[in-house]
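**Student:** Predicted model follows, preceded by the sequence.
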Amino acid sequence: MNATSANQTGCPELKVPAPLFLGIGVASLAENLLVVLAVIWNRNLHSPMYAFICSLAAFNTIASLTKTWETLMILFADVGRLQKGGAHETRLDDVVDALMCMSFVGSFFSFLAIAVDRYITIFYALRYHNIMTAWRTRLVLGAIWTTCGVCAVLMVRFFDSNFIMICFIALFVVSLAMICFFYVYMFMLARIHARRIAALPSHGGGRCGRRRWRRRSARGALTLTLLFGAFVVCWAPFFLHLIIIMACPTNPYCECYRSLFQLHVALLMSHALVDPAIYAFRSAELRHTFRKMLLCSDCG
């Protein structure tokens, strides 16, 4: 939305300072690169779940790099070092948009893959290693990255088409519904297990086991709540923006919401900043790996 239409409705376009975009991009880039390097470096993390976490961190790294590069291009253009309408700059902008779309769609699929992996872990624990083999994990990751690359090119090439935006919104809604189903189902199963354990005879060891189970259940419930809440808070405003573009492009109230577009993009970028804190930093194995990498705690 241009600034003129925003002013006509009494809702001037909200401008997020470029240094804020730059700060979020650099911080999320450092966090996600650290996760990727930790998973590659520690052989104990070479499992399907951490492979999907590494994939998510890689997509977040691409998002951080591209948004940081775009912010730098805008800053150079503002001081006259780049031409905003030049052919070379336009091609670079298309590449940046394609990579951003790829990273956003990749975050969806990686997030969904983690949910499915945890679902299999709980419901098919004894067959997990037969189901989630290394070959199948590589196949899933290859399919995710290939699909995201194709989707990115199509979205940038035909983004003005309502059909592409409808597909993008449908992907978000379907992914959200599936993730919600998996996590609610797993949480219900955990409650059933907790009741069964509570019904066991109250021996000393049994009481300790029940306390450990309650602590793990509470920790798991908190993690799932944080994951789902961060996903919705960071992504929903942007997709509501897309819906408003198609549903009411000229309504004054819709125009006021569209004037917050840069804030919605900042929320998307913030998800790449929050992801490592939820997925990675709550893992004891990853925290131990970070200490070894950054502090060299085992040296000497």
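**Tutor:** Yep, that arrived.
**Student:** Every contact and neighbour count from this point should use C-alpha atoms.
**Tutor:** OK.
**Student:** For the stretch 151-300 of the chain, which segments are assigned as helices?
**Tutor:** With DSSP state H, counting those that start in this stretch as the definition, the stretch 151-300 of the chain shows helices at residue ranges 162-198, 204-247, 252-258, 261-275, 284-295.
**Student:** Which neighbouring elements make contact with the shortest one?
**Tutor:** Contact partners of helix 252-258 among helices and strands, from 3 or more Cα pairs under 8 Å, 6 or more residues apart in numbering; DSSP states H and E: helix 3-8, helix 204-247.
**Student:** The fourth one now?
**Tutor:** Counting contacts by 3+ Cα pairs under 8 Å, 6+ apart, helix 261-275 is packed against helix 18-41, helix 48-78, helix 204-247.
**Student:** Check the helices and strands packed on helix 252-258 for me: which has the lowest mean pLDDT.
**Tutor:** Of all the helices and strands packed on helix 252-258, mean pLDDT reaches its minimum on helix 3-8 (a mean of 43).
**Student:** Spatially central residue for the protein, please.
**Tutor:** Residue closest to the average C-alpha location in the chain (Cα atoms, centre = their mean): residue 107, at 4.3 Å.
**Student:** shouldn't that one be in contact with residue 56?
**Tutor:** Yes - at 5.7 Å, residue 107 counts as touching residue 56 under the criterion of Cα atoms under 8 Å.
**Student:** what is in contact with those two at once?
**Tutor:** By the contact definition Cα atoms under 8 Å, 6 or more residues apart in numbering, residue 107 and residue 56 are jointly contacted by no residue.
**Student:** contacting residues around residue 25?
**Tutor:** So residue 25 contacts 63-65, 67-68, 269 (Cα under 8 Å, 6+ apart).
**Student:** neighbours of residue 249, just the number please.
**Tutor:** Here the neighbour count serves as a burial measure; for residue 249 (other Cα atoms under 10 Å) it reads 14.
**Student:** Good, wrapping up.
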